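K.L.:
Build the 3D model from these lines:
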Amino acid sequence: MKKLAKYHKTHKDRYLEELKDLLRIPSVSADPAYKKDVLATADFIKQKLEDAGVNNVEICPTKGYPIVYGEYIVDKKLPTVLVYGHYDVQPPDPLDLWESGPFEPVVKKTKLHPKGAIFARGACDDKGQVYMHIKAFEAMKANDAVPCNIKFMIEGEEEVGSENLAPFIKKNKKKLACDVVLVSDTGIISNKVPSITVGLRGLAYLEVEVTGPNRDLHSGVYGGAVANPINVLSKMIGSLHDKRNKIAIPGFYDNVARVSKKERTEMNKAPFSETKYKKDLAIKEVQGEDKFTTLERTSIRPTLDVNGMWGGYIGEGAKTVLPSKAYAKISMRLVPNQDPDRVSKLFEQHFKSIAPKSVQVKVTPHHGGVPVVTPTDTIEYKAAHMAMQTTFKKEPIPQRSGGSIPIVALFENILQRKTILMGFGLDSDAIHSPNEHYGLFNFYKGIETIPYFYENYAKLKAEE
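P.N.:
Here you go, the predicted model:
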């Protein structure tokens, strides 16, 4: 590993400049206006995999955006690791809240990142973390230190639900055959407290449309006599939580897995300061389901949140309009034993049942994902644990995450393989928000740690 450390030191500035080039491409998969840019990003990833020494790199078409695949087979008798990541990013809006251009990467020093952090959309989620894997492989290949077979599968639709990933995996099961899947799309507790994600919440995402009159009306002429869809939608959404902040949908909690008192106690031993948490978010108090801590609310409990709401006139000046329609996008984070399809149906039934006769309601389900809990007693987990302990000089803490990565369940169901979630981001990296960033410490620490995972995994499999 000394050769790798020397290689990293020699090339670290180049690593960063290449990442900046990647971040400059606005690969927003949700907006068709960026189609050429998303495709250009796939080309960029393909080229960098080839430059790193990966073999058989190809851009695999799907009904949506392509998947970049590549492999490096050392010996078919050795174990195989499939690296998954995504090259698409979230929309940058609202643009006026960015301190620098979302696709104009800049490195700035902050209190949390005294060595600097790179600010740009996708810096942490997931371009920066994908690029760690490419550079880690480059260093291993350049120093003849690849200890096992490695395959790469980098997709371009994660931020819009990975709709075409399952068909691709089913069609290419032989090509994607592996012993474990390695993903860096998660984070650590802090730069001083490493952790490995062992649980993810699921997701049910949908859109609601409330329609009142058949056209926009003058609020003076009709106001007070005709239902205002925005007013109605607001009341309906307001009723979705009770006074204890529990979700008020009949049957919603029926299958929620109970977490033992012992596990909850251990979970709350993770370093966490509610005071710092509130200060970082500029809020005076936290809010959530009664009788659960903040760490529990964001990991082992389900949620329902409005992600966006609109209708009527929102332009400059005033327009006294009573709108015909109102809309909202709603996401529900799910925990083990909750099925996203069932939860979506429960939501639709309940939401329509609470609508007054003065409006019509339409509910459109979008993407979803199944919650996942991964074991900590496997060779794969031990390899990741040892790798982080080596580079951070501390034992990593197993931690459940509040986020969702639906593809983890997909890999388990189709490829019959477990996933190791060894990410290096921080909760404060503002992913999905303006001013997303990724610490240079985290970027370089990931590049340093990943080769140890491969080395440990190959040794442990050989001893199995």
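
K.L.:
the strands in the stretch 201-350 of the chain, which residues?
P.N.:
Under the criterion DSSP state E, counting those that start in this stretch, the stretch 201-350 of the chain contains strands at 202-211, 217-218, 303-311, 321-322, 325-334.

K.L.:
can I get those in JSON lines with mean neighbour count?
P.N.:
From N, CA and C alone the C-beta is placed, and that goes for glycine too. Shown next, in JSON lines, are the strands of the stretch 201-350 of the chain (neighbours: other Cβ atoms under 10 Å):
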{"stretch": "strand 202-211", "mean neighbour count": "22"}
{"stretch": "strand 217-218", "mean neighbour count": "15"}
{"stretch": "strand 303-311", "mean neighbour count": "15"}
{"stretch": "strand 321-322", "mean neighbour count": "20"}
{"stretch": "strand 325-334", "mean neighbour count": "21"}
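
K.L.:
mind putting those in JSON lines, mean pLDDT and distance to Glu436 included?
P.N.:
Shown next, in JSON lines, are the strands of the stretch 201-350 of the chain (pLDDT from 0 to 100; distance: least, Cβ to Cβ, whole Å):
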{"stretch": "strand 202-211", "mean pLDDT": "96", "distance to Glu436": "20"}
{"stretch": "strand 217-218", "mean pLDDT": "95", "distance to Glu436": "41"}
{"stretch": "strand 303-311", "mean pLDDT": "97", "distance to Glu436": "17"}
{"stretch": "strand 321-322", "mean pLDDT": "94", "distance to Glu436": "35"}
{"stretch": "strand 325-334", "mean pLDDT": "97", "distance to Glu436": "19"}
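
K.L.:
In a markdown table: these, plus distance to Ser190.
P.N.:
Formatted as a markdown table, the strands of the stretch 201-350 of the chain follow (distance: least, Cβ to Cβ, whole Å):
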| stretch | distance to Ser190 |
| --- | --- |
| strand 202-211 | 26 |
| strand 217-218 | 54 |
| strand 303-311 | 24 |
| strand 321-322 | 49 |
| strand 325-334 | 23 |
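
K.L.:
Of all these, which one is nearest His432?
P.N.:
Among the strands of the stretch 201-350 of the chain, strand 303-311 comes nearest to His432, with 9.8 Å by Cβ to Cβ.

K.L.:
how close does the closest residue to Gly64 other than its chain neighbours get to Ile25?
P.N.:
Spatially, and ignoring its direct neighbours in sequence, Gly64 is nearest to Asn164 (4.7 Å; Cβ to Cβ, 6 or more residues apart in numbering). Shown here: Asn164 relative to Ile25, a distance of 20 Å by Cβ to Cβ, to the nearest Å.

K.L.:
Could you do Gly64 as well?
P.N.:
17 Å.

K.L.:
Which one of the two is surrounded by more residues?
P.N.:
Per other Cβ atoms under 10 Å, whichever of Gly64 and Ile25 has more neighbours is Ile25, with 23 against 18.
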